[in-house]
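**Q** Turn this into a model:
(2 chains)
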Amino acid sequence: MLKEALEEIAAAPSLQALQEVRVAYLGKKGVVTQRLKELAGLPPEARKEAGKAVNELKRALESAVEARREALELEDLNRKLESERVDVTLPGYGYGAGGLHLLTHVVNRLGDVFESMGYEVVVGPEVETDYYNFKALNFPDEHPARDTQDTFFLTDGRVLRTHTSPMQVRYMETHKPPFKIVVPGKVFRNEAVDATHEAMFHQLEALVVGERITMGDLKGAIHEMAVALFGPQAKTRLQPTFFPFVEPGAEFAIWWTNPRTGKEGWLELGGCGMVHPNVFKAVGYEGVTGFAFGFGIERLAMVSYGLSDIRYLFGSDMRVLSQFRGAL
Amino acid sequence: MKVPYSWLQELLPGLSAELAGRGDGGPAGEITKLVETLDGIGLSVEQVREQPAAPSGVVVARVVRVEPVAGSEHLLRAEVTDGDKAYGVVTGAPNTKAGMLTALAKPGAVLDGGVTVAERELAGVRSEGVLASPKELGLFDYGGGLIEFAGDVRPGQPLTELWPAETVIELELTPNRADAFSIFGVARDLSAKLALPYRHPAHGLGGGDETLETGLRVELRDRACPRFTLRLIEGVTVGPSPLWLQRRLTAVGLRSRNNVVDVTNYVTLELGQPSHAYDRAALYDGAIVVRRAQGGERLTALDEEDYALAPADLLITTPNPVRGGDHTVGGVGEVPIGIAGVIGGLQSSVTGNTRAVALEVAHFDPVTVRKTAKRLGLSTEASYRFERGVDPNLPPLAAARAAGLIADLAGGRLHLGLTQVGGDIETRFVRFRPSRVMSLMAIEVPPGEQRGYLEALGCTVAPLADDLWDVTTPSWRVDLAIEEDLVEEVSRLHGYDSIPITVPTMHFVPEGKDVTHRGLRSLLVGVGFQECIGYAFLSDEALAKAGAPAATVRLAAPPSAERSVLRTALYPGLLAAARTNRALSSLALFEIGRVFEASAEAERLGLLLRGDWVSGGWLPGQKADFFVLKGVLQKLAGTLGAELEVEPKTLPQLHPGIGAAVTWNGREVGWLGKLHPRLAAHWELGDVFVAELALPLEAATVVFKDYGRQPHAERDVAVLAPVQVTYAELRDLVTASAGALLDSLEPFDVYEGKPVAAGRRSVALRLRFKHPERALRDDEVDAYMSGVVAAVKAAGYTVRDS
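**A** From the prediction side, this is the model:
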């Protein structure tokens, strides 16, 4: 009987069928249960012997039923899982991806570099008075240096700031040295617009004032920025030039290797120098020295990414904007 | 400024050898080294241009005879000779005349623009070549007439030998370096850097004798002209300039006129001192008066433009003979013959008939010259230099140089007298501590070396004490006024390359505030928005087309109507961006930027949504709509822990039923809604959703509160109210009546239509109650709900049976 029962259990095609087989043998009226009941009618010696055999039979069947149940349950689960299979190569829901503007990427990167060097990031107004844009920065009235600024004048006599330098004066008016600040922001020049010139662009200005700040510190700051941006092989060059609000003044260039082209060269980036005594006088500072430097962000962005026309930056065309995706 | 290398070498004779010694060898190496040296001393090189020699196949020719070509209005037939042979040439040049020396391009010569000269017939006349203009020779951009030579060349000489190639170094000079706005000035600065002796072009020339009577008189009536000198050159013959002079003017971009005017231009470029030549005959009684203009005065200048003069303009005048009688200087009625430091008058200028020249070399106030030049929109070689500051001691020397050259080239006699008013300026000195070079520049330059640099620049150094010098600055360095200026001079001659790389130590702790809104930008990018940057200026029309507030901040001289006013809102720029990208099926843009009002500017966030928010395909999509945009704001507020309120508001740019005011942490910060369909039609955009909020959008300040561990009790209620009653009103009504234990409230169904009566809607609300310390009993919650139902009924609404 055992062999026959085990075959029936093993052949049970479903959990339901298995249950039926189990009831037929092990249920209240099942064959095995029946035999257990019949044991009572046997003589004691024979009962012991027969009882052992029936119990063994029962255990064997129970164990077989359990094994078969597990097998059937696994089959069921596998069938269910198989039925739930999806094509993972189909696209997901079409949530649009966003991105930062290329210039924001560059400003953020510069902000990271200078913040890591202990600078404060500050911002200021884009419409300025003649005083902050020129006079306090040692541009005398009717001085030809003003011509170099290609200023947009407003009908109320104010100007669109031509550089981020007015924030030097504004910050110094409200803070005491020593400090290190950088000022990113929009500036405006009344220039003929072409592939490399825009009437609106962005600058980053740095100003450091303390008791013994030197031009060596200036070169150091620019150099650290250059290394952070372009790697340890970057070099920094200063050459004498003139800006009314610094003396001595210089323009700075960075020796870099263009990662796109592999070409090396000096990248002339901006102007710098030691803060002019007249600027300190305008804000009432005494007994300190300081350096300032500033440069155009568009140029850095354009050479870094190989952008051919500055006008792409403000055209708000997704075919341009969406290309500059990357770490936030 | 353009510096021909050969000219520079003439004033700095050892330059070529010095550069060759420093460079890598060869002429190219010399130029590379020169550029490096100029850049290194702050005379920034913009570019180096190789000016080619005159083309081969062109020779000097003398015009023998000129006759009109029959049947042509402007063509001439010239018979010319190259010394050996006569050529018949047809030309249209108006200045063709018998006896002149000009350039003959023979057949086979290749002229500017690649034109090959060939023998051909013109108007039926055979032409055996081309008589050439400077432009055709590729020398200078003037095609208005034939090039004309003086007697220093002879017919037959190949022009390519007479007019060799030239290397021209173009400098981009900063406005402080007025001293270097001349070939000599550049040579002088290089001389200081390279320790080479320079040659002064006026060396050894007498400045003129002020005691001799020249018949010329000057009266200065305004302090804007502190110095005025006149020299007289008599018996001149005005004609073409010699070849060397033409070559040099051409190399710096000036057209040769005649041997008098060319000299004044030449000396301007050579020494940096502008001058002006008058026909002596045009000076009434030999007198010149310098005064301000009077109302209504006009002058036809050398450029043949008629200028209306303003009272601020400084004029050169001569007494008016017509006013009669009063010939004395200082009398009434002088007529303008020049605008001081800007341009001379046409009437008094040198012409072919001039026999005597009165040469003006003067000094003018930079600001006066600048104001006039700016007002007239006329920047000349003279005004450019006067604005920046010409050496005030230079006039007598420059006058001697120019007058001597005119006499030489035009065959005249230089009068030995000098007519002059004014004199040299007082010497200026600067107190200087050599130790400042170290403390400002961090470079060690021994005091002896510093003194050497200053003296090489023309300064006189007188030590007053240990580390304190009295430095007299030269008259041509108007830019040297303070100690820091001298620190720069020492440093630039020593070389900026020796500045070390150092790092300052200072006690400064930045606040680290996110003033550039990096966090907000990142959040918006994470939600799916693309950042864009629009122009801060646009047109009145663009603002009007977007229904934005009219501009109050306007450019005084807009470059174009498109860029004439400052934006009053960001969304017009976003709409323009949406229009640019209208081919895309979905668009989510943001901009963070400033907007401008009369008294203040403000930072804003602009948002724009169009098309698909979640793009469809094989999965269901979601179109952008009001609630998507509002959801974005909710997400922002949720992330920042801020309280967001959105209430209906009618705004001109928005759909009247789909527009709202946005309140952030209790402060109204802006609006959101659907662009008014009328405006959207203007922009051809269809449905567009926009929002504009004032920044900063403040985040919550967090104080931790332990969360309640009690379960909440949930109840639903559906309120039937007129459709005009907003959810916010119902929410506030229910919140106010549900008691203090109401934990949250949200709408889960909003329904209009049968069986709800027309004009009404059902808003189903789910309320959750929670007690901080214990579980609520059903009867307690039922009591709260009774309060809600009572309040709803009291407000005139009904509760829908569930």
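**Q** ranges for the helices of the stretch 401-550 of chain B?
**A** B:435-441, B:447-456, B:483-494, B:518-527, B:540-545 (DSSP state H, counting those that start in this stretch).
**Q** Please apply the same query to the stretch 201-328 of chain A.
**A** A:215-230, A:277-283, A:297-305, A:318-321.
**Q** Of these, which stretch is the most buried?
**A** Most buried of these, by mean neighbour count (mean count of other Cβ atoms under 10 Å in any protein chain shown): helix A:215-230, with a mean of 22. Backbone N, C-alpha and C define where each C-beta goes, glycine included.
**Q** Give me the longest helix you can find in the chain.
**A** Picked chain A for this. If you go by DSSP state H, chain A has its longest helix at helix A:44-83.
**Q** let's do chain B instead
**A** Ranked by residue count, the top helix of chain B under DSSP H comes out as helix B:778-794.
**Q** Figure out how far that one is from the centre of its chain.
**A** Helix B:778-794 sits 73 Å away from the centroid of its parent chain (Cα atoms, centre = their mean, to the nearest Å).
**Q** Now do the same for it: mean pLDDT, whole number.
**A** Mean pLDDT, helix B:778-794: 95.
**Q** which non-adjacent residue is nearest the most centrally placed residue in chain B?
**A** Compute the mean C-alpha point of chain B, and by Cα atoms, centre = their mean the closest residue is residue B:559, 12.5 Å away. Distance criterion Cβ to Cβ, 6 or more residues apart in numbering or on different chains; nearest residue to residue B:559, sequence neighbours excluded, is residue A:190 at 6.2 Å.
**Q** looking at chain A, which helix or strand does the model trust least?
**A** Ranked by mean pLDDT, DSSP states H and E, the weakest helix or strand in chain A is helix A:31-39, scoring a mean of 86.
**Q** and the residue nearest to the centre of chain B, which of the three is it?
**A** Three-state call for residue B:559 (DSSP: H, G, I helix; E, B strand; the rest coil): coil.
**Q** Please look at it and residue A:197 and confirm they touch.
**A** No: using Cβ atoms under 8 Å, residue B:559 makes no contact with residue A:197, being 12.0 Å away.
**Q** what's the next helix or strand after the longest helix of chain A packed up against?
**A** The helix or strand immediately downstream of helix A:44-83 is strand A:94-95, counting by DSSP states H and E. Contacts defined by 3 or more Cβ pairs under 8 Å, 6 or more residues apart in numbering or on different chains; DSSP states H and E place strand A:94-95 against strand B:601-615.
**Q** what comes up buried for the strand it packs on?
**A** B:601, B:603-615 (16 or more other Cβ atoms under 10 Å in any protein chain shown).
**Q** hang on, the earlier thing: and the residue nearest to the centre of chain B, how far from residue A:315?
**A** As for residue B:559, its distance to residue A:315 is 18 Å (criterion: Cβ to Cβ, to the nearest Å).
**Q** Residue of the stretch 1-150 of chain A nearest chain B, please.
**A** Per Cβ to the nearest Cβ, residue A:94 is where the stretch 1-150 of chain A lies closest to chain B, at 3.2 Å.
**Q** Identify the spatial nearest neighbour of that residue, chain neighbours not counted.
**A** residue B:615 (3.2 Å).
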